[in-house]
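S.K.: Here is a sequence with its predicted model. Questions after.
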Amino acid sequence: MIRRLSIGLVAILATAAFCGENDEPDIAMVPSSFTDLTAEIDLALDDDPEWIIAGSSRLLRQLEDGAAADLLITADAETMDRAIADGLVDSTLGVVARNRLVFAVAPDNPGGIAAVEDLGNADLFLGICAPEVPCGRLAATAVDALSVDVAADTEEPNVRALALKIARGELDGGLIYATDALAFSLDTVDDERLASFVTDYVAASVHGGTTGIPAFLRSDDGRALLESRGFIVP
């Protein structure tokens, strides 16, 4: 069975409680699955930080190369653990959101995908994220647990790139996050076995930077925004 993830409307109310002096970062580094959140966070906080959006592993490489930032959010705890071990962040600010894995299919489902087991169909054009990025690690964990041998034709550097290829019909399907399936209005395989494969989005301050973004995301308005984009709130 295939189901459609639909976007619900949410009213995001700006409030001065999150906009104190020096509360917002000048530079916020966030994973690609946060792409559709940044403009609404700007509006809610009445602020305009510089957003650096990329795969979590690429964000770490930028910090290693000396990139300036005040806030880092990674799409899994493992990547944040690496940032801590390498001294790239000062302190963690906890989990701000969660995401889950889905098997998304191209518009009109040309491959006739109906079950998770179709990931092993070599006649289909399928994609996963590269193993060094969070969505790739989560996909590897899922297929191993489900005993599925994925016949992947491509490994993409971040989940947004993979979702775009599925949306364009360049692939019959692939394992992506629920938020990206929602962003591109992609149908997904209705299989509850995938629901247990969830990743944590962890925030941390960088170089002593302070930010109101994690506090906003934990507020009622922030949680409503996250849920409207398909995230799971902590």
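M.R.: Yes, it's here. Residues are numbered from 1 along each chain as shown.

S.K.: so what's the residue nearest to Val105 when sequence neighbours are not counted up against?
M.R.: Once flanking residues are discounted, Val105 sits nearest to Gly173: 4.2 Å by CB to CB, 6 or more residues apart in numbering. From N, CA and C alone the C-beta is placed, and that goes for glycine too. Contacts of Gly173 were listed using CB atoms under 8 Å, 6 or more residues apart in numbering, and they are 103-106, 111, 113, 118-119, 124, 126-127, 166, 189.

S.K.: Show me which of those residues is closest to Phe216.
M.R.: Distance to Phe216 across the contacts of Gly173 (CB to CB) is lowest for Ala104, with 28.5 Å.

S.K.: My read is that that closest one contacts Tyr177, right?
M.R.: No. With contact taken as CB atoms under 8 Å, Ala104 and Tyr177 are classed as non-touching, separated by 9.1 Å.

S.K.: joint contacts of these two?
M.R.: Shared contacts of Ala104 and Tyr177, defined by CB under 8 Å, 6+ apart, comprise Ala163.

S.K.: any idea how far the closest residue to Asp76 other than its chain neighbours is from Asp200?
M.R.: Nearest in space to Asp76, with sequence neighbours left out and distances taken as CB to CB, 6+ apart, is Pro134 at 3.7 Å. Here Pro134 is placed at a distance of 9 Å from Asp200 (CB to CB, to the nearest Å).

S.K.: Tell me the residues that contact both of these two, please.
M.R.: By CB under 8 Å, 6+ apart, Pro134 and Asp200 have these common neighbours: Asp76.

S.K.: Please consider this matter closed, and thank you.
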